[in-house]
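Peer 1: Need a 3D model of the sequence below.
(one chain, ligands or ions: 1)
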Amino acid sequence: MDLRKYITNSNQLEEAKKLIIEGVLGYQPFIFSDNLETGVGLEFEKGEYLGLAYYPDIDKELIDKYPRLKRLILDTKYFNYFHKANAVLSRLYDTFIDEICQIMGNIGNITFLDVGCNTGYFPISFALKGAKEAAGCDREPNFSKTVNFLNQILGTNVIFLDTHYDSRTHTIANCKPYDVVTCVTVLMHISDTLFFLNTIGSLATKALFIWTQLNDDAHNSIHYPDEPRGEYKDDKFPLCFDYKIHPSVPLLYKSLELMGFRKFYEIPEKKEIFYAYSLNGCSFYKGILALK
Ligand SMILES: C[S@@+](CC[C@H](N)C(=O)[O-])C[C@H]1O[C@@H](n2cnc3c(N)ncnc32)[C@H](O)[C@@H]1O
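Peer 2: Reported below is the predicted structural model:
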């Protein structure tokens, strides 16, 4: 999302830099200025950690002081690739968003919830398109700061809910139902796949959109990695598997049917906008919009 025309003063750029250093801005593709850009596009393409923020004028002492910044700040020599890859990712996100809105019709009457919303790219986009209500929630509560910052820049009113999916209770506490629930690149981080699906499917009164890595088995299955990643230190077995969890396409469709979804769209529809990421060897990379 190109925010350059919305950035009207240097305080906004300083705030974006602060959020990057804090670690609550980086994953989603945003351009703040010619010298400040974020996004995971290049890492998606290359399948390795290369950096999430182009921030060439960062104080190098800060990087020495906070070693975690080494993983976040892009080596400037990669900028051209980084910029192009984030444009591809933005285009893919925007295609999902446009096609969901087109299929759902008059979105001025529709409420949206994005589960695992990160810094709010999806709810912000739905809000900009005139959604009746656009909300998001995430396991990292401090993303609320970034969502509020983006709301302020864009004049949107996205609500960041202070809740997330809890695998111990299989709930998203205190969350009301929404017409459309979206969930992008989150399912593959959740150990209890079918319970998670059931929770987000139950919250969706009209439609559920999922984009995740799906394995190529022709039967119902879920693949787990050989080793847990261990991102969340308190998540012991059986919740320790927090990445590369890949259900099969038939299992996802069967689950959606069993939850009462009746009509399915695979997005993006147009072939020319497909972009094949090396999604850990998973060849099915479309999003599925399931309607009740
Ligand atoms: C790979 S990122 C995807 C972010 C965003 N949906 C996107 O596609 O741009 C996964 C996100 O899911 C969030 N997440 C992980 N476990 C979660 C949970 N149990 N409930 C809500 N969010 C979760 C992470 O904090 C992270 O922001």
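
Peer 1: From what I see, residue 253 and residue 264 are in contact.
Peer 2: Yes - using C-beta atoms under 8 Å, residue 253 makes contact with residue 264 at a distance of 7.1 Å. For the C-beta atoms, the positions are set from N, CA and C on the backbone; glycine is no exception.

Peer 1: Touching both of those two, which residues are there?
Peer 2: Shared contacts of residue 253 and residue 264 (C-beta atoms under 8 Å, 6 or more residues apart in numbering): residue 288.

Peer 1: Name all residues that make contact with residue 223.
Peer 2: So residue 223 contacts 215, 217, 244, 245, 246, 247 (C-beta under 8 Å, 6+ apart).

Peer 1: ok, now residue 148?
Peer 2: residue 160.

Peer 1: Among the contacts of residue 223, which ones are in strands?
Peer 2: 246, 247 (DSSP state E).

Peer 1: Now the buried members of the contacts of residue 223.
Peer 2: Neighbour-count burial (16 or more other C-beta atoms under 10 Å) is assigned, among these, to 215, 244, 245, 246, 247.

Peer 1: ok, now how distant is the fourth one from the ligand?
Peer 2: Distance check for residue 246 against the ligand: by C-beta to the nearest ligand atom, to the nearest Å, it reads 14 Å.

Peer 1: Can you pull the residues of the stretch 101-250 of the chain lying near the ligand?
Peer 2: For the stretch 101-250 of the chain, the contact set with the ligand under C-beta under 6 Å from any ligand atom comprises 115-118, 121, 137-140, 164-165, 184-186, 189-190.

Peer 1: and if we set it to 8 Å?
Peer 2: With the criterion set to C-beta under 8 Å from any ligand atom, the stretch 101-250 of the chain comes near the ligand through 114-119, 121-122, 137-140, 143, 164-167, 172, 182-186, 188-190, 196, 211, 232, 242.

Peer 1: burial measure for the residue of the stretch 51-200 of the chain found nearest the ligand, as a count.
Peer 2: Nearest residue of the stretch 51-200 of the chain to the ligand: residue 116, at 3.0 Å (C-beta to the nearest ligand atom). Residues near residue 116, counting by other C-beta atoms under 10 Å, number 23.

Peer 1: Equivalent analysis for the one 4 residues further on, please.
Peer 2: Around residue 120 there are 30 other residues, counting by other C-beta under 10 Å.

Peer 1: Wait, it touches residue 143, no?
Peer 2: Yes - contact criterion C-beta under 8 Å: residue 120 and residue 143 qualify, at 7.2 Å.

Peer 1: contacting residues around residue 72?
Peer 2: Here residue 72 is in contact with 20, 23, 26, 51, 52, 53 (C-beta under 8 Å, 6+ apart).

Peer 1: Ramachandran coordinates for the last one?
Peer 2: When quoted as degrees, to the nearest 10, the phi and psi of residue 53 stand at phi -140, psi 130.

Peer 1: who's it bridged to?
Peer 2: Residues in a beta bridge with residue 53, per DSSP bridges, are residue 38, residue 73.

Peer 1: Can you tell me the element the closest residue to residue 94 other than its chain neighbours falls in?
Peer 2: The shortest distance from residue 94 to any non-neighbouring residue, by C-beta to C-beta, 6 or more residues apart in numbering, is to residue 125 (7.1 Å). Using DSSP states H and E, residue 125 sits within helix 121-128.
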